[in-house]
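A.B. asks: Predicted model and sequence below, questions to follow.
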Number of protein chains: 2
Amino acid sequence: MTGASFWAQFELHQLRCFVAAAEELHFGRAATRMNMTQPPLSRQIQLLEHVLGVRLLDRTSRAVKLTPAGRVFLLEARRILRLTESAALATRRIASGEAGTITLGFTAASGYSFLPRLLLQRASHAPNIDVALKEMVSSEQVESLLTGRIDVGLLRPPIERGEFTTLKVASEQLVAALPFGDPRLAQSSLSLTDFDGKPLIMYAPEGARYFHDMLTGLFKTAKVAPVAIQSLSQIHSMLSLVRAGMGAALVPEAAMSLHFDDVHFRPVRTTPAAPVELFAAWRSDNDNPALAAFLDLLRADEVDAGAASD
Amino acid sequence: MTGASFWAQFELHQLRCFVAAAEELHFGRAATRMNMTQPPLSRQIQLLEHVLGVRLLDRTSRAVKLTPAGRVFLLEARRILRLTESAALATRRIASGEAGTITLGFTAASGYSFLPRLLLQRASHAPNIDVALKEMVSSEQVESLLTGRIDVGLLRPPIERGEFTTLKVASEQLVAALPFGDPRLAQSSLSLTDFDGKPLIMYAPEGARYFHDMLTGLFKTAKVAPVAIQSLSQIHSMLSLVRAGMGAALVPEAAMSLHFDDVHFRPVRTTPAAPVELFAAWRSDNDNPALAAFLDLLRADEVDAGAASD
DNA sequence: ACACGCCCATCCAAAAATGGCATCGGTCGA
DNA sequence: TCGACCGATGCCATTTTTGGATGGGCGTGT
């Protein structure tokens, strides 16, 4: 019981009646416009006035005119009615997926190249889909997908199937990041053996499990043992160390768009060919209506990614 | 028939039901809050969803939660409901006269001293009364009062009684405006004979009938004949001519607040004592609820005016 | 695993609100 | 003064809404 005096509130229908009457200044015509007869319209307006406790229309048998309070209420009533229409419209748009918000988790690395491309696509193909961005590492994304904090994640494998639907959205090669002056820059491409016994900035197994495991596996297979200098999980931090001359790093192509001064890149031949893969994942039972439209964007990019990886 | 598809619009009652359900996330409790039982509340929400064509609440027998569209619509619904309340409140305030707009006509001369004082009073005693100002000469004000373009006029007599109610709000003496160097400035006060045969800037009979007739009458009674130089109706234009040395002018005290360089003022003794009077006038049948509060302001000033003129 | 409890949907009869028709009362113009 | 016009009112039929009883799905506790 927080309400006002004694439960009495006007209804939108009464507002519509009032607006019609206030605009026509004639109950008969107003009633016609409302597809009804004059008496009920009179009653609706009386009701409205009674609820407000205010006379809105001064009516003699000869003329109808607005009272000052009625003039003010007419403006308010129009505003309310406009708002109801736009509310209905906006809600329908959200439900149809034309508009809405997708909360997207992404790894720092995917933010360098894939994400900007995706957001550009969105701007041209689905401008009414808002994308809320949350940077987080892959493991956090899985957690957030489960709790619903994000709708879609851009993350590295492995991803548990079952709960999730996944889509490979990017596939890139590893490239070596080398400091200015490194003799290996003389070669146009490197092989893993070029890192044997040389300082290499490594990925931390906790924060960047995917890269850590991938590199560890590659070096083991190739029987090459670089000197691991430091374990980081943020690619931009690794490039900083490269620039400081502390060693080389193996990073996904996307990192090349970071453009660190005095850090240069060379392709790396690996056996087996080891593309770095980026997946989109979302809960199969996600009911966000904007998801379908957003996934269309991702699939458009997938074509490029597929072509590149073939 | 400008409307959307096939006449179906939601009602505020449905909005209130939805908001309750969305906030409680429990139909039973929501129904209690709405002072009704659960089935009708279910129906109202179904109806709302049907009208919108959108599912707003996802309800399993175990839990109720908002759909994305429902989240958006909840915000809109709250906005609409807030607006309805404030609309009712604002309208009641207007009707009670606590707030509102008074359209006020005023003569240029009253704008120099009386009007600023009045507006200051309003700011402290009736801050919710807006005053729309329209400068016009007295005759225009009478016309505008009749057509309702202004609620109240601040004007010079004569005012037809009958249709109007009037109130003397200011009463001032005539003062002489003299250019720097005029020998009459040596006296501390002047009499009408000081203007005999001297150049005097006169009022135009059309635009400033009140002043024109008053001065003409005064000079005739005193058997004094100044040399009329030019006929103007705007006091500030007259003072400009005084400043240019073209002659003296007789103006109401209020004009002293104009502070023209090199224009000085001296009191004038007249027989009979001829106070310049300013009246407020309004249609007796004006139904603007804010009028009462505004008239209270005027009456507060009237006390001062009365004391001054006594 | 089964029974119980919780919760929303549906059905139905009663109550309320709404709309329409006929009519009244007041005002203006011919 | 009469007639036309216009909004208010009384009354009745219809539609809409309400509330109680009930049904059915889904977790939960034992």
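C.D. replies: Happy to help now that I have it.
A.B. asks: residue ranges with poor pLDDT in the stretch 151-300 of chain A?
C.D. replies: A:161-162 (pLDDT under 70).
A.B. asks: Recalculate using a threshold of 80.
C.D. replies: Residue ranges of the stretch 151-300 of chain A with pLDDT under 80: A:160-163, A:207, A:271-272, A:274, A:287, A:300.
A.B. asks: got the residues of it near chain B?
C.D. replies: Applying CB under 8 Å from any CB of the partner chain, we find that the stretch 151-300 of chain A lies next to chain B at A:287, A:288, A:289, A:290. C-beta here means a position set from N, CA and C on the backbone, and glycine is covered the same way.
A.B. asks: Which of those fall within helices?
C.D. replies: Members of those lying in helices (criterion: DSSP state H): residue A:290.
A.B. asks: what's the closest of the residues of the stretch 151-300 of chain A next to chain B to DNA strand C?
C.D. replies: Nearest to DNA strand C, judged by CB to the nearest atom of the strand, of those is residue A:287 at 15.8 Å.
A.B. asks: That closest one: neighbour count?
C.D. replies: Using other CB atoms under 10 Å in any protein chain shown, residue A:287 has 12 neighbouring residues.
A.B. asks: and the residue nearest to the spatial centre of chain A, which of the three is it?
C.D. replies: By CA atoms, centre = their mean, chain A has its centre lying nearest to residue A:131, at 2.1 Å. When classified by DSSP: H, G, I helix; E, B strand; the rest coil, residue A:131 comes out as strand.
A.B. asks: tell me the mean pLDDT for the longest helix along chain A?
C.D. replies: The longest helix of chain A (DSSP H) is helix A:68-96. Averaged across helix A:68-96, pLDDT comes to 91.
A.B. asks: Now do that helix: distance to the chain's middle.
C.D. replies: 29 Å (CA atoms, centre = their mean, to the nearest Å).
A.B. asks: does any part of it sit near DNA strand D?
C.D. replies: No. Helix A:68-96 lies out of reach of DNA strand D by CB under 7 Å from any atom of the strand, never closer than 12.6 Å.
A.B. asks: What's the first helix or strand after that helix?
C.D. replies: Using DSSP states H and E, the helix or strand that follows helix A:68-96 in sequence is strand A:100-106.
A.B. asks: helix/strand/coil for the residue nearest to residue A:256 when sequence neighbours are not counted?
C.D. replies: What sits nearest to residue A:256 in space, not counting adjacent residues and going by CB to CB, 6 or more residues apart in numbering or on different chains, is residue A:265, at 5.1 Å. For residue A:265, the assignment made with three-state DSSP gives strand.
A.B. asks: Look at residue A:265 and say how many residues are nearby.
C.D. replies: Counted with other CB under 10 Å, the neighbours of residue A:265 add up to 19.
A.B. asks: Repeat that for residue A:189.
C.D. replies: Residues within reach of residue A:189, counting by other CB under 10 Å, total 11.
A.B. asks: Same question for the one 3 residues further on.
C.D. replies: Residue crowding around residue A:192 was assessed by other CB under 10 Å; the count is 22.
A.B. asks: next one: residue A:202
C.D. replies: 23.
A.B. asks: can you check the one 4 residues further on too?
C.D. replies: Close neighbours of residue A:206, defined as other CB under 10 Å, add up to 11.
A.B. asks: Phi, psi for it please.
C.D. replies: The phi and psi torsions at residue A:206 (degrees, to the nearest 10) take the values phi -80, psi -50.
A.B. asks: which residues touch it?
C.D. replies: Applying CB atoms under 8 Å, 6 or more residues apart in numbering or on different chains to residue A:206 gives the contacts residue A:233.
A.B. asks: same thing but 10 Å
C.D. replies: Contacts for residue A:206 (CB atoms under 10 Å, 6 or more residues apart in numbering or on different chains) come out as A:137, A:139, A:212, A:231, A:233.
A.B. asks: Which of these sits closest to residue A:145?
C.D. replies: residue A:139 (10.9 Å; CB to CB).
A.B. asks: quick one: that closest one from chain B, how far?
C.D. replies: Separation of residue A:139 from chain B (CB to the nearest CB, to the nearest Å): 26 Å.
A.B. asks: My read is that that residue contacts residue A:155, right?
C.D. replies: Yes. Between residue A:139 and residue A:155 a contact is recorded at 8.5 Å, counting by CB atoms under 10 Å.
A.B. asks: any common contacting residues for those two?
C.D. replies: Residues touching both residue A:139 and residue A:155 (CB under 10 Å, 6+ apart) are residue A:210.
A.B. asks: and those two? which has more neighbours close in?
C.D. replies: Taking other CB under 10 Å, residue A:139 and residue A:155 do not tie; residue A:155 has more neighbours (25 against 15).
A.B. asks: Could you find the closest non-adjacent residue to the more buried one?
C.D. replies: Spatial nearest neighbour of residue A:155, excluding adjacent residues (CB to CB, 6+ apart): residue A:138 at 3.9 Å.
A.B. asks: which residues touch the one you found?
C.D. replies: By CB under 10 Å, 6+ apart, the residues touching residue A:138 are A:105-107, A:110, A:153-159, A:207-210, A:278-279, A:281.
A.B. asks: what's the answer for residue A:243, then?
C.D. replies: Contacts of residue A:243 (CB under 10 Å, 6+ apart): A:177, A:179, A:180, A:260, A:261, A:262, A:263.
A.B. asks: Identify the residue of the stretch 101-250 of chain A closest to chain B, quick one.
C.D. replies: Scanning the stretch 101-250 of chain A for the residue nearest chain B gives residue A:101, at 7.6 Å (criterion: CB to the nearest CB).
A.B. asks: Perfect, that will be all.
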